[in-house]
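Trainee: the amino acid sequence is not available; the structure is as follows:
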């Protein structure tokens, strides 16, 4: 199977400090990979590299087996979508915000129709004419997700997208998000500190610590065997019957 995204022998440094040292990592089509680990483990740094927002100091990044370089990074980035913890919304209507990514990529014809469809999928179409800056945290993140899915990305990358949402809204949104991932078969990479999100969404979990991959496996395998070794920085719940 051809990996969608892969890295080989990558190094990211900040000054004299190594932020990331990963020998090999790949994401297959349709996978939902969760990246977990303590603060400063390198999760967001790895996500930034995979999103082509920053190229590594050393090593190679591949998209559909093609090596990513400064020359083609923008073209690759346009086939991805990123959702951050804090929704990046502009002082305009919800519909304008949801269609913004499409318009920035030159897809102006039908952009609002497609964006509206995704606002419907995430249950916020009734807010289409409302100013996006007046939304609650949960509503804003739904708009951000709608904007990302409207792009029909090859890979969706998410950096703690549910962390700032209240518990009740988060639980509902995660269920809806899982349904959308399943129906669209979208490949996704999720940074999170919440192992309940991992169990609900991920097909594979990767543990990072001090910039290196320390372990990986299925979410239940990680939880059951505690191979995370206390590194994950996430509250891993006990397995049923334990």
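Mentor: The structure has been received and is ready for your questions. The model shown is predicted, which means the values in this text are computed figures rather than measured ones.
Trainee: what about the longest helix in the protein?
Mentor: helix 167-184 (DSSP state H).
Trainee: from the chain's centroid, how far away is that helix?
Mentor: 14 Å (CA atoms, centre = their mean, to the nearest Å).
Trainee: can you name the next helix or strand after that helix?
Mentor: strand 187-191 (DSSP states H and E).
Trainee: how about the longest helix of the chain: buried residues?
Mentor: By neighbour count with 16 or more other CB atoms under 10 Å, helix 167-184 contains the buried residues 169-170, 173-174, 177, 180-181. The way it works is simple: take the backbone N, C-alpha and C, and place the C-beta from them, glycine included.
Trainee: check contacts around the spatially most central residue of the chain.
Mentor: For the chain, the residue nearest the mean C-alpha position is residue 158 (1.9 Å; CA atoms, centre = their mean). Going by CB atoms under 8 Å, 6 or more residues apart in numbering, residue 158 touches 82-83, 188-191.
Trainee: so which elements touch the worst-scoring helix or strand of the chain on mean pLDDT?
Mentor: Lowest mean confidence among the helices and strands of the chain (mean pLDDT, DSSP states H and E): helix 219-225, at a mean of 81. Under the contact criterion of 3 or more CB pairs under 8 Å, 6 or more residues apart in numbering; DSSP states H and E, helix 219-225 touches helix 195-201, strand 204-209, strand 212-217.
Trainee: any idea which of the ones you listed is most buried?
Mentor: strand 204-209 (a mean of 24; mean count of other CB atoms under 10 Å).
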